[in-house]
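*Asks:* Please find the sequence and the predicted model below.
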Amino acid sequence: MELTRTDHDGRRDRLNHDWLRPPEGEQHHSTAPDGVTYSTGTTIVGVTTADAAILAADQRMSLGGRFTANKNAQKVEQVHPTGAIAISGSVGPAQRLIQSLRTEANLYEVRRGEPMSLRGLSQTTGHLVSGLPVAPLLAGVDQTGPQVYELDGGGSVLRDDYAAGGSGMQVAYGVLERRFDPDASTESARRTAVDAVAAASERDTASGNGVHVATITAEGVDIDGADDPEEVR
Amino acid sequence: MQSNDQRAYDRGTTIFSPDGRLYQVEYAREAVKRGGATVGVRTADGVVFASNGPRRSPLLEPESIEKLHDVDGRIGMATTGHVADGRRLVDYGRRYAHQERLRYGDAPDTEPVAKAIADYIQESTQTGGTRPFGTALLVGGVDDDGPRLFEVDPSGTPAEWRAVAVGNQSREVRAFLEAEYEDGLALDTGTTLVLRALADSLGELDAVDVDVATMDADGFTSLALDQRRAAFEAAGLGPAS
């Protein structure tokens, strides 16, 4: 922990996130028997409406895209009073990313007396995800309205009105390109997001086993999950 | 010559005097006595802090005088004495609490946070070239063990209290609390008690200058000015100016 009095290198105000990174010179290579790590495979979707942002994800964690290692993976998590993240990529680094992001957002809030803006949250996520085999979607609501961001391990941070990620993204985009409507109600946008994940779950071998969906408004984040997508539509 | 030799013992924090005292730490306690009167009370369902910080000038924005601090949404901290030193300790506490969250995935309880800050303060009394923190602080919060209230002084000694005062007039305020404190108070009765304790020793108070915060199961809450005015009235301190 970099909390000692001798820590005067200008990083004194920061938290130490070294635990996100592999040791020096080591890549994120696998220790699993067949040379692959647990990966989300995944279909994740983010959609905005006039006053809400929706994130949806499937529940399958796969090994090499060929074996379902877990059928109850929660890939959508709250990280901010009005912000959530959906993960795709390697599960371990992604879970640590969520912890780090949640902690940074909370530290910011107690220091400044107000929550981070979504722009600030997306930048922080960009710094943290850089170099990791993770490509998340971030969504939330702040004073400037509902927003969705796509990010990747290269550190890119791209804002959009809707986005999809993960191995099932092409199927999901097929649904979104036909159905996305900026004037849709929150309920209708939620159905679109769930349907996009459900469609990808039918055809992408690394996606399936149900849907988690987060509805984010200025009031907060509400996350539901079900093995049958119909139940959370 | 004797007096010169004697005086030399207060030059460094790391040097004991022949009678076993650390003069710089005692001077730091004097700095604390010059800080605003600060009270903490443990109640049945939470901890209440109140701190008085009169403005040097009517032009000074009252909100800019920092006295009570949110550490991580659950735990609160009250500082008195050297404001600049207090800010360092608050930020240390914040980083410590959040680094613990990162490491264990869970928010730390009140006691470990108070003791981590205490250990950090103690370092300054045993490290060459440093001066002690001229700040006393209260750390409060509600965790699985219920409401907890700790005081940490410039020597780095932590102590747990049911009700405590630090800063200006602390002796008088403590005497009031010793006479008036009861176990099992409701949180709003505790709020009344902290305000009465300050008013009893300091005389007339202005709600604008007194910060009040509660830490209960819902976490840290700082009272806005209209809520503080209502609390003043509830404490029988009249409509504050």
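*Replies:* Nice, thanks for sending it over. None of these values were measured; they are calculated from a predicted model.
*Asks:* Can you pull out the low-pLDDT segments for chain B?
*Replies:* Flagging of chain B using pLDDT under 70 yields the residue ranges B:1-7, B:13, B:239-241.
*Asks:* residues in it within reach of chain A, list them.
*Replies:* Proximity of chain B to chain A (CB under 8 Å from any CB of the partner chain) is limited to residues B:69-73, B:91-92, B:94-96, B:98-99, B:101-102, B:105, B:120, B:123-124, B:127, B:130. Placement of C-beta: from N, CA and C, glycine included.
*Asks:* and the gap between the nearest residue to A:Asn72 once chain neighbours are set aside and A:Val134?
*Replies:* Leaving aside its sequence neighbours, A:Asn72 sits nearest to A:Gln59 (CB to CB, 6 or more residues apart in numbering or on different chains; 5.8 Å). As defined by CB to CB, to the nearest Å, A:Gln59 lies at a distance of 18 Å from A:Val134.
*Asks:* of those two, who's got more company?
*Replies:* Per other CB atoms under 10 Å in any protein chain shown, whichever of A:Gln59 and A:Val134 has more neighbours is A:Val134, with 29 against 26.
*Asks:* confidence score at the more buried one?
*Replies:* Note on A:Val134: pLDDT of 95.
*Asks:* which residues does the closest residue to it other than its chain neighbours contact?
*Replies:* Nearest residue to A:Val134, sequence neighbours excluded (CB to CB, 6+ apart): A:Gly89, at 3.9 Å. By CB atoms under 8 Å, 6 or more residues apart in numbering or on different chains, A:Gly89 lies in contact with A:Ser39, A:Thr40, A:Thr42, A:Leu132, A:Pro133, A:Val134, A:Ala135, A:Pro136, A:Gly153.
*Asks:* Look up how far A:Arg21 lies from A:Gly89.
*Replies:* A:Gly89 is 15 Å from A:Arg21, by CB to CB.
*Asks:* for B:Arg101, same thing?
*Replies:* 19 Å.
*Asks:* can you check A:Val213 too?
*Replies:* Taking CB to CB, one finds A:Val213 at 31 Å from A:Arg21.
*Asks:* Tell me which stretches of chain A form strands.
*Replies:* A:38-39, A:44-48, A:53-58, A:61-63, A:67-70, A:76-80, A:83-86, A:137-142, A:145-151, A:157-160, A:162-165, A:211-217, A:220-226 (DSSP state E).
*Asks:* Adding distance to B:Glu63, mean pLDDT and mean neighbour count as columns, could you present those in a markdown table?
*Replies:* Output for the strands of chain A, formatted as a markdown table (distance: least, CB to CB, whole Å; pLDDT from 0 to 100; neighbours: other CB atoms under 10 Å in any protein chain shown):
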| stretch | distance to B:Glu63 | mean pLDDT | mean neighbour count |
| --- | --- | --- | --- |
| strand A:38-39 | 49 | 72 | 22 |
| strand A:44-48 | 35 | 98 | 32 |
| strand A:53-58 | 32 | 98 | 31 |
| strand A:61-63 | 48 | 91 | 22 |
| strand A:67-70 | 49 | 92 | 15 |
| strand A:76-80 | 25 | 98 | 25 |
| strand A:83-86 | 27 | 98 | 29 |
| strand A:137-142 | 23 | 98 | 27 |
| strand A:145-151 | 28 | 97 | 23 |
| strand A:157-160 | 33 | 96 | 14 |
| strand A:162-165 | 40 | 97 | 26 |
| strand A:211-217 | 29 | 98 | 25 |
| strand A:220-226 | 26 | 97 | 16 |
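*Asks:* right, so of these, which gets closest to chain B?
*Replies:* strand A:76-80 (12.1 Å; CB to the nearest CB).
*Asks:* For that closest one, name the packing helices and strands.
*Replies:* For strand A:76-80, the packing partners by 3 or more CB pairs under 8 Å, 6 or more residues apart in numbering or on different chains; DSSP states H and E come out as strand A:53-58, strand A:83-86, helix A:91-112, strand A:211-217, strand A:220-226.
*Asks:* what's the angle between it and strand A:211-217?
*Replies:* Strand A:76-80 and strand A:211-217 are oriented at 30 degrees to each other (axes from the mean of the first three to the mean of the last three CA atoms, to 10 degrees).
*Asks:* Strand A:76-80 pairs with which strands, and in what direction?
*Replies:* strand A:83-86 (antiparallel) (DSSP bridges).
*Asks:* next SSE after the lengthiest strand in chain B?
*Replies:* Secondary structure assigned by DSSP E gives strand B:135-143 as the longest strand of chain B. Using DSSP states H and E, the helix or strand that follows strand B:135-143 in sequence is strand B:146-152.
*Asks:* Do you have the strands of chain B handy? List them.
*Replies:* B:38-42, B:46-52, B:68-70, B:76-81, B:135-143, B:146-152, B:158-160, B:163-166, B:210-216, B:219-222.
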